[in-house]
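Asker: Structure for the following, please:
(one chain, ligands or ions: 1)
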Amino acid sequence: MKLNAESDCFLRISESGQDNLQAPQGGTPPRILIVDDSPTIRYTLKKDLLQMGAIVTEASNGSDGLSLAESQDFDLIITDVEMPRMDGFSFCAKLKSHPTKSSIPVVILSSREKEEDIEFAFKVGASNYITKSNARKDIRARVKEILDRRRLLNGRTVLVVDDSSSIRNLIEKALIKAGFQVLLAENGQMALELLGRHSPDMVLSDLHMPVMDGLDLCKIVHNHKDFSQIPFIVMSSDGDRAKMRQLLEYGASAYLVKPFNIEQLVVTAERFLSDHFSRVLNERKHLESERQMLIGSISSLVLALEARDLYTRGHSESVAELVVEMAREMAMDASQIERARVAGKLHDLGKIGIRDDILLKTAPLDDEEWKIIKLHPIIGAEILSPIQSLSDIIPAIRSHHERLDGKGYPQGLKGSEIPLLARMVAVADTYDALTSDRPYRKGFSNEKALAIIEEVKGEQLCPECVQSFLRACDKHMRT
Ligand SMILES: [Fe+2]
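Answerer: Numbers count the residues shown, from 1 in each chain. Below you'll find the model as predicted:
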């Protein structure tokens with residue numbers, strides 16, 4: 001091994017790049033094992049991977065690498081080829097025949113650039129082969145790509161449908177080795193029963209089977225509201241082009257002609273699933289950015305509405321901040337906290353539909369005018385009802401003036417009939433209204449407002465929400 005040339009190559013790769021790694025599962029950073037007999041290469045490679053956010057473990061030969069891989073969990077292994085005690089090819093082959101560790105992707109990093117070495121690396125099960133001369137430009141992107149793919153595919157379920165038990169078992173073994181979970185069915189009818197119970201992420205189906213064949217199964221899956229998005233791959237010894245085209249028309253994602261190489265089948269399954277999930281993730285990102293834009297526009301409408309009245313200026317923003325503090329006190333997760341913020345910002349949106357002579361009136365309202373003001377929760381809910389991405393906050397908007405004792409509006413809901421988020425908004429709304437100036441009175445002091453909130457707890461306001469509000473206030477006072 002030419003240490004200087006190799007280490008120089010690695011020393012340069014760690015200087016650039018923003019490819020931070022996402023956790024493969026459950027929010028923990030990816031764990032990577034480096035197996036190389038060169039301390040310099042281990043050091044420089046480790047430095048680069050640490051910068052990318054990984055947890056890195058080192059071994060100086062294949063034998064130690066194997067012991068570590070057997071005793072700990074890794075998301076990726078990067079190994080050299082020429083090492084004492086056990087070389088990288090033998091290490092990779094042993095790992096790939098291990099009953100529980102075979103799905104860990106292995107990247108072989110070597111100074112050998114011959115075609116037969118590269119071929120041999122894939123033969124022993126490596127996911128990737130990087131020559132050390134290409135390491136500088138390739139390693140970050142390859143590591144990121146492998147881990148992203150693993151994160152997307154890990155634990156995904158594939159439903160294998162074939163009437164031949166030997167083919168089912170062969171495919172099952174290969175898919176489990178690649179990290180998938182597998183469901184098995186002997187025919188289309190059995191597959192439909194499993195689809196209803198387990199929601200697999202992909203279907204791999206034979207064409208000719210008794211009871212229900214692959215063609216009928218494909219049609220039903222494609223036309224079913226819950227299953228139509230599941231990638232459907234057909235495997236058949238029938239290479240008839242017309243039939244292939246017909247299946248693709250029925251919604252099949254791919255057609256594999258038997259006999260096929262089992263590795264090719266696994267790679268096809270991985271490719272379809274990762275494309276599928278990348279697409280789903282992109283769609284979600286797109287929807288989320290649309291949602292944020294909508295929230296931004298509607299919030300500015302509410303701000304503009306409130307800005308016309310000195311007494312309500314900034315009210316919804318203040319309510320949003322208070323509800324977020326309460327949500328944090330209630331140990332809600334990030335998405336629930338975000339929902340709380342939006343509900344706070346938009347809770348009085350419906351006032352947009354109230355006539356100015358009532359909304360901006362400084363004198364006390366008469367009964368008729370109160371009736372109209374009390375429509376604002378319903379108007380707000382109706383304005384948002386066509387917007388699918390905001391449907392989760394509509395109940396909070398509709399019910400933020402309900403009272404625990406059933407004397408609120410618009411529906412007179414009682415206790416737990418009132419959505420939690422609406423009960424939270426009600427507490428924050430009450431506090432902000434009490435502490436704000438009104439045409440007919442000065443805003444109450446913090447102490448007075450808290451005393452009133454305590455007083456109406458149980459009848460008007462939810463006691464748990466009041467408690468979390470008081471804890472948030474207490475924390476705020478102490479900081
Ligand atoms: Fe309101």
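Asker: quick one: the strands in this protein?
Answerer: With DSSP state E, the ranges of strands along the chain come out as 31-35, 55-59, 76-79, 106-110, 128-131, 157-161, 181-185, 202-206, 232-236, 254-257.
Asker: quick one: contacts of the fifth one?
Answerer: The set of residues that contact strand 128-131 without belonging to it, under Cβ atoms under 8 Å, 6 or more residues apart in numbering, is 105-113, 117-118, 121-122, 138-139, 142, 146. C-beta coordinates here come from the backbone N, C-alpha and C atoms, glycine included.
Asker: let's see 7 Å
Answerer: Contact partners of strand 128-131, identified using Cβ atoms under 7 Å, 6 or more residues apart in numbering, comprise 107, 108, 109, 110, 111, 113, 118, 121, 138, 139, 142, 146.
Asker: First-to-last residue distance for stretch 48-60?
Answerer: Across its full length, stretch 48-60 reaches 18 Å end to end, with Cα to Cα, to the nearest Å as the criterion.
Asker: average pLDDT across that stretch?
Answerer: For stretch 48-60, mean pLDDT rounds to 88.
Asker: before we move on, what about stretch 377-384?
Answerer: The predicted model assigns stretch 377-384 a mean pLDDT of 93.
Asker: What residues sit buried inside that stretch?
Answerer: Neighbour-count burial for stretch 377-384, with 16 or more other Cβ atoms under 10 Å as criterion, is recorded at 377, 378, 379, 380, 381, 382, 383, 384.
Asker: Considering the residues you listed, which is situated nearest to residue 96?
Answerer: Within those, distances to residue 96 taken as Cβ to Cβ reach their minimum at residue 384, with 53.5 Å.
Asker: any weak-confidence spans in this protein?
Answerer: 1-27, 238-239, 277-278, 310, 439-440, 477-479 (pLDDT under 70).
Asker: Which residue lies nearest the spatial centre of it?
Answerer: Nearest to the centroid of the C-alpha atoms of the chain, with distances taken as Cα atoms, centre = their mean, sits residue 281, at 7.6 Å.
Asker: what's the nearest residue to that residue if we skip its chain neighbours?
Answerer: Once flanking residues are discounted, residue 281 sits nearest to residue 152: 7.9 Å by Cβ to Cβ, 6 or more residues apart in numbering.
Asker: correct me, but that neighbour touches residue 275?
Answerer: No - taking contacts as Cβ atoms under 7 Å, residue 152 lies outside contact range of residue 275: 9.7 Å.
Asker: In JSON lines, list the buried residues of stretch 377-384 along with distance to residue 317.
Answerer: Rendered in JSON lines, the data for the buried residues of stretch 377-384 read as follows (distance: Cβ to Cβ, whole Å):
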{"residue": "377", "distance to residue 317": "19"}
{"residue": "378", "distance to residue 317": "23"}
{"residue": "379", "distance to residue 317": "20"}
{"residue": "380", "distance to residue 317": "16"}
{"residue": "381", "distance to residue 317": "21"}
{"residue": "382", "distance to residue 317": "23"}
{"residue": "383", "distance to residue 317": "19"}
{"residue": "384", "distance to residue 317": "18"}
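Asker: taking those one by one, which sit in helices?
Answerer: Among the buried residues of stretch 377-384, the ones falling in helices (DSSP state H) are 377, 378, 379, 380, 381, 382, 383, 384.
Asker: need the contact list for residue 28.
Answerer: The neighbourhood of residue 28, defined by Cβ under 7 Å, 6+ apart, contains no residues.
Asker: What of residue 206?
Answerer: Contact analysis of residue 206 by Cβ under 7 Å, 6+ apart lists 161, 162, 163, 214, 235, 236.
Asker: Give me the neighbour count for residue 266.
Answerer: Other residues within reach of residue 266, judged by other Cβ atoms under 10 Å, total 18.
Asker: what about residue 152 and residue 275, which has more around it?
Answerer: Applying other Cβ under 10 Å to residue 152 and residue 275 shows that residue 152 carries more neighbours, namely 19 against 13.
Asker: Please tell me how far the more buried one sits from residue 233.
Answerer: Taken as Cβ to Cβ, to the nearest Å, the spacing of residue 152 relative to residue 233 amounts to 17 Å.
Asker: cool, residue 207 as well?
Answerer: In terms of Cβ to Cβ, residue 207 sits 11 Å off from residue 233.
Asker: try residue 80
Answerer: When distance is defined by Cβ to Cβ, residue 80 is 36 Å away from residue 233.
Asker: now what about stretch 226-239, what contacts it?
Answerer: By Cβ under 7 Å, 6+ apart, the residues outside stretch 226-239 that reach it are 195, 200-208, 214, 218, 221-222, 247, 251-258, 268-269, 272-273, 276.
Asker: no no, stretch 177-194
Answerer: 102-103, 153-161, 163, 168, 172, 175-176, 198, 200, 203, 205, 209-214, 216-217, 220, 266, 270.
Asker: Out of those residues, list just those in helices.
Answerer: 153, 168, 172, 175, 176, 198, 214, 216, 217, 220, 266, 270.
Asker: Kindly report the domain assignment for this protein.
Answerer: By the record's domain assignment, the chain is partitioned as 3-153, 157-277, 286-478 (automatic domain parsing).
Asker: residue contacts, the residue nearest to residue 449 when sequence neighbours are not counted?
Answerer: The spatial neighbour of residue 449 that comes closest, neighbours along the chain excluded (Cβ to Cβ, 6+ apart), is residue 434 at 4.0 Å. With contacts taken as Cβ under 7 Å, 6+ apart, residue 434 has the following neighbours: 444, 449, 452.
Asker: please redo it, this time with the cut-off set to 10 Å
Answerer: Neighbouring residues of residue 434 by Cβ atoms under 10 Å, 6 or more residues apart in numbering: 441, 443, 444, 445, 446, 448, 449, 450, 451, 452, 453.
Asker: can you check residue 273 too?
Answerer: 149, 152, 153, 156, 158, 180, 201, 202, 231.
Asker: Look at residue 116 and say how many residues are nearby.
Answerer: Counted by other Cβ under 10 Å, the residues lying close to residue 116 total 9.
Asker: whoops, residue 272 was the one
Answerer: Residue 272: 18 surrounding residues under other Cβ under 10 Å.
Asker: Test my guess that it contacts residue 254.
Answerer: Yes - contact status for residue 272 versus residue 254: in contact at 6.5 Å, counting by Cβ atoms under 10 Å.
Asker: so what sits against both of these two?
Answerer: Any residue near both residue 272 and residue 254 by Cβ under 10 Å, 6+ apart counts here, and that gives 204, 231, 232, 233.
Asker: What is the nearest of these to residue 467?
Answerer: For those, the minimum distance to residue 467 (Cβ to Cβ) is 48.5 Å, reached by residue 231.
Asker: Report the separation between the closest one and residue 393.
Answerer: Remark: distance between residue 231 and residue 393 (Cβ to Cβ) = 33 Å.
Asker: With residue 428 instead?
Answerer: 14 Å.
Asker: and if you look at residue 332?
Answerer: Distance of residue 332 to residue 393, computed by Cβ to Cβ: 14 Å.
Asker: Which neighbours do these two have in common?
Answerer: Residues within reach of residue 332 and of residue 393 at once, by Cβ under 10 Å, 6+ apart, are 338, 339, 340, 421.
Asker: re earlier: how close does the residue nearest to residue 281 sit to residue 293?
Answerer: 27 Å.
Asker: next one: residue 95
Answerer: Separation of residue 95 from residue 293 (Cβ to Cβ): 47 Å.
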